[in-house]
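Q: Build me a model from this:
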Amino acid sequence: MSLIKSPRMTNRKLAANRRNQALSNSPVVNERRARVRAALLRSGFNVPTEEAAMRALGEDPARFQELLEALWEEWNPAGGLQEGLVIGLARAMWLANRADRMQEGYALREAQEVNSGRQERLHARMMRFKITAERLRRLAESVAEEHYVTTPEDLEKMKTLHEEGVLKDMGEIALMLFYQLQVPGGDENGLDPYEVGRRMVAQAQAIFGIGLHHPPTPPANAAADVAPGFSPAPADLKVSATENAQLKVSATAEQDKRYPSISVAEWERRERPRQLLENILTRQVDICEEQREALLKESVKGPSPYERAAEIAPTLANSGQMRRMQDSNLRDIRRSTNLLLRIKRFEWQKEAAGKNAACHDVSQNKWDDGL
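A: Predicted coordinates:
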């Protein structure tokens with residue numbers, strides 16, 4: 001047992017030894033490079049042509065040379081078979097890295113093209129949400145009127161929104177409620193036959209000027225009866241609460257006259273679906289505004305890596321082919337590595353067998369000498 005402890009090899013010492021070795025083995029490096037050049041020529045590798053192709057692709061031939069020399073030092077090939085396997089391994093690793101760069105470069109190009117129109121797309125989506133919110137707000141204001149009856153205009157607007165898929169599942173419910181609030185006994189467009197007749201009469205009167213009452217013309221001396229500089233106070237223009245209630249009652253009575261087929265009990269039954277429809281439309285307006293604000297924040301913040309990947313994923317038409325190229329290179333790397341390992345293992349076993357045989361011969365000779 002030795003009393004002197006062997007020095008402990010640390011990573012720092014190992015790195016220093018390797019640096020010192022690199023500075024002191026220039027003849028060995030030059031010899032290895034010469035062997036690599038000769039092996040490349042024997043394997044049919046045209047160095048100038050390959051270097052020109054690498055430079056055309058934006059690659060550095062010196063990096064490939066460094067990779068080949070590192071593999072050469074690691075495997076220390078002996079014979080043409082091992083040299084060819086090491087060169088093939090270096091080329092497969094280089095092509096695998098090139099396939100990675102191809103995929104990354106193509107994804108970068110797609111991301112730049114997507115980014116150029118991203119702001120316009122987000123702005124267009126925000127405008128669509130704003131327009132949809134305004135359309136829904138107008139429908140909600142129309143439905144909010146007391147004794148509401150579905151009009152052809154409102155029904156057509158709701159059909160358009162439902163066809164566009166803006167409200168999704170709630171659109172079906174809202175459209176059903178609009179149909180439910182039609183005039184009882186009306187046609188497919190929700191028009192009361194009496195209302196159709198009244199509209200036709202009104203159009204005829206408007207065309208031929210029948211039954212139209214023009215407002216009376218004020219007398220010429222009406223302005224003289226007013227004191228100069230006098231203007232009615234704003235309080236004179238206000239309508240009192242009693243008058244407002246009377247106007248509302250008269251408007252309700254006018255609405256009831258327009259639809260004589262709807263009884264008071266029917267109006268009460270229609271109130272619940274009307275409130276439900278109003279709540280649905282109001283809620284959808286809020287949802288559109290929330291989505292528009294979310295898009296505004298997204299446009300300011302920018303896309304996350306996951307959103308960017310989702311944007312460019314459907315456009316990578318050649319991604320499958322690139323992936324197959326990369327898998328082929330990886331299979332070449334594995335195949336070359338396995339062959340080299342088998343060859344080296346065979347050499348190690350052969351060398352170990354030779355050493356065992358030599359030791360056995362020495363021991364046998366000693367035994368014979370002793371006898």
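
Q: quick one: low-confidence ranges for the stretch 151-300 of the chain?
A: Regions of the stretch 151-300 of the chain meeting the criterion pLDDT under 70 cover residues 185-257.

Q: repeat that with 80
A: 166, 184-261 (pLDDT under 80).

Q: Quick one: the helices in it, in order.
A: 152-164, 169-180, 193-208, 234-237, 241-258, 264-301 (DSSP state H, counting those that start in this stretch).

Q: and the angle for the longest one with helix 152-164?
A: For helix 264-301 and helix 152-164, the angle between their directions (axes from the mean of the first three to the mean of the last three Cα atoms, to 10 degrees) works out to 40 degrees.

Q: by contact count, what packs against helix 264-301?
A: Counting contacts by 3 or more Cβ pairs under 8 Å, 6 or more residues apart in numbering; DSSP states H and E, helix 264-301 is packed against helix 118-143, helix 169-180. Any C-beta I mention is one placed from the backbone N, CA and C, and that applies to glycine too.

Q: Looking at those, which is nearest to Ser336?
A: With Cβ to Cβ as the criterion, Ser336 lies closest to helix 118-143 of those, at 44.1 Å.

Q: Pull out the buried positions in the closest one.
A: 118, 122, 126, 128-129, 132-133, 135-137, 139-140, 142-143 (16 or more other Cβ atoms under 10 Å).

Q: again, but for stretch 151-163
A: For stretch 151-163, by 16+ other Cβ under 10 Å, it's 151, 154-155, 157-158, 161-162.

Q: Which residue ranges make up each domain of the protein?
A: Split into domains by automatic domain parsing, the chain comes to 22-116+317-348, 119-206+256-313.

Q: now the ones you listed in JSON lines, with distance to Gly354?
A: Shown next, in JSON lines, are those (distance: least, Cβ to Cβ, whole Å):
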{"stretch": "domain 22-116+317-348", "distance to Gly354": "10"}
{"stretch": "domain 119-206+256-313", "distance to Gly354": "57"}
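
Q: and of those, who's closest to Ala16?
A: Of the domains of the chain, the one closest to Ala16 (Cβ to Cβ) turns out to be domain 22-116+317-348, at 10.8 Å.

Q: re the thing from before, take the helices and strands packed on helix 264-301 and lay them out in a markdown table including distance to Arg324.
A: Putting the helices and strands packed on helix 264-301 into a markdown table (distance: least, Cβ to Cβ, whole Å) gives the following:
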| stretch | distance to Arg324 |
| --- | --- |
| helix 118-143 | 31 |
| helix 169-180 | 42 |
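
Q: and of those, who's closest to Ser263?
A: Closest approach to Ser263 among the helices and strands packed on helix 264-301 is made by helix 169-180 (16.3 Å; Cβ to Cβ).

Q: list the helices and strands that closest one packs on?
A: helix 152-164, helix 264-301.

Q: report the angle between the axes of the following helix or strand past the longest one and helix 118-143?
A: Using DSSP states H and E, the helix or strand that follows helix 264-301 towards the C-terminus is helix 305-312. With the same axes, to 10 degrees applied, the angle from helix 305-312 to helix 118-143 works out at 90 degrees.
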